[in-house]
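**Student:** Here is a sequence with its predicted model. Questions after.
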Amino acid sequence: MTSLIFHNPKCGTSRNTLAIMQASGENPEVVEYLKTPPSRDYLVDLLAKIALSPRELLRSKESVNDELGLDNPALSDDEIIDAMIAHPILINRPIVITDKGAALCRPSERVFALLANPVSSFTKEDGEIIYNAKDK
């Protein structure tokens, strides 16, 4: 299986996650989900793979979250999914899928567990050095 990352190149966490994957020898399929949003069915399947509820995947920091009142606890999962499909910026990222599983990689070091041959350490864009927990 080719690894895959749902990526936003404007997001530092997403850029760092992709760079960790590449430094570890992965050549993932990069899906810029703001340009190519997932279908509703694909998003539902993805939520199941990463074992998160729609609310847990919702990027609540976006202004459209407030505009749509998505913090309302009375909203159903279907309503939140519909909002994410209509406004893909509401989908939190990066999401990585590999042979070892799938996860929302926030923070970016969560990707280490999904890689076949992860690097022992990585220096993020901001200079912070992160370590693969299994190599510590």
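**Tutor:** The structure has been received and is ready for your questions.
**Student:** how about the strands in this structure?
**Tutor:** 4-7, 29-32, 95-98, 101-104, 121-123, 129-131 (DSSP state E).
**Student:** Tell me which of these is the most buried.
**Tutor:** When these are scored by mean count of other CB atoms under 10 Å, the highest mean neighbour count falls to strand 95-98 (a mean of 24). All C-beta spots, glycine's among them, are computed from the backbone N, C-alpha and C.
**Student:** Pairing partners for it, with directions?
**Tutor:** strand 4-7 (antiparallel), strand 101-104 (antiparallel) (DSSP bridges).
**Student:** Report the backbone C-alpha coordinates of it in PDB.
**Tutor:** As requested, the backbone C-alpha atoms of strand 95-98 are provided in PDB (Å, rounded to 0.1, in the frame of the first residue of the first chain):
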ATOM      1  CA  ILE A  95      -4.300  12.600   8.500                       C
ATOM      2  CA  VAL A  96      -1.900   9.800   7.600                       C
ATOM      3  CA  ILE A  97      -2.800   6.300   6.300                       C
ATOM      4  CA  THR A  98      -0.100   3.600   6.000                       C
END
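**Student:** Which residues does that strand contact?
**Tutor:** The contact list for strand 95-98, computed with CB atoms under 8 Å, 6 or more residues apart in numbering, reads 1, 3-6, 17, 21, 26, 28, 46, 49-50, 102-105, 111, 114-116.
**Student:** same question, stretch 112-119
**Tutor:** Here stretch 112-119 makes contact (CB under 8 Å, 6+ apart) with 3, 20-21, 23-26, 96-103, 105, 111, 132-134.
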